[in-house]
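J.: what would the 3D arrangement of this be:
(one chain, ligands or ions: 2)
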Amino acid sequence: MQPLFSSDDIARRLTEMGQQLANDYAERRLTVVSVLSGAILFTADLIRVVGLPLKLEFLRASSYRGTATSPGELQVECLGDLSALAGRDVLIVDDIFDTGRTLERIIERLNEARPRSLKTAVLLWKTERRQTSLVPDYYGFQIPDRFVVGYGLDFDGDYRHLPGVYALDEPGS
Ligand code: 5GP
Ligand code: MG
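T.: Numbering: from 1, shown residues only. Ligands and ions are numbered 1, 2, ... in the order given. The predicted model follows:
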């Protein structure tokens, strides 16, 4: 496993993101929607450095590749009441932007609730793999196309608890 970002690297970057968000969302009615399970550590740390009053909601996004549903179809399951987002300034917080399909689908779904604004924040952005016109509004770090774990991100359920981010694969593989 190759270390990419230590917990100190992440904390420093989150302080910067927190200041940016605190400016952008001052006097707004912020609701953070955290995408389970990968974004739990990122969400918990980010909301503490933003330092604004906010509400917190959760959703789960799961793909059903290889089942009866169409290939790659993505299910978005909101754990709270979607109508709570009406008129709010909603910030979707996810672990990683890879192809962008997941966030695209989540945005489509949350827009049904008619939020006042809808933006996205991700810890990691794999810039080489984007398959949509969407780009994240806020991101922690841009990374090459490597498979990463730690700080919430898993491989087969493992490694989520690691305080830093690591690449699991070999470079260029
Ligand atoms: P997208 O829809 O942007 O292609 O995929 C985003 C989702 O794929 C992320 O929320 C994450 O669950 C998963 N994912 C993409 N790349 C990685 C990676 O390098 N490591 C881990 N653990 N998950 C990833
Ligand atoms: Mg995810």
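J.: buried stuff in stretch 53-67?
T.: L54, E57, F58, L59, A61 (16 or more other CB atoms under 10 Å). All C-beta atoms are positioned from the backbone trio N, CA, C, and that covers glycine.
J.: cool, stretch 147-156 as well?
T.: Using 16+ other CB under 10 Å as the test for burial, stretch 147-156 gives V148, V149, G150, Y151, G152, L153.
J.: could you dump stretch 156-166 to CSV, C-alpha only?
T.: Listed next in CSV are the C-alpha coordinates belonging to stretch 156-166 (Å, rounded to 0.1, in the frame of the first residue of the first chain):
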residue,chain,number,x,y,z
ASP,A,156,-14.4,-5.2,0.0
GLY,A,157,-15.4,-3.5,3.3
ASP,A,158,-11.9,-3.2,4.7
TYR,A,159,-9.6,-0.2,5.3
ARG,A,160,-12.3,2.4,6.0
HIS,A,161,-10.9,3.2,9.4
LEU,A,162,-7.4,4.2,8.2
PRO,A,163,-6.7,7.9,9.0
GLY,A,164,-4.9,8.5,5.7
VAL,A,165,-5.5,7.7,2.0
TYR,A,166,-3.5,4.9,0.4
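J.: what's in contact with it?
T.: 1-7, 9-10, 37-38, 40-41, 123-124, 141, 148-154, 168 (CB atoms under 8 Å, 6 or more residues apart in numbering).
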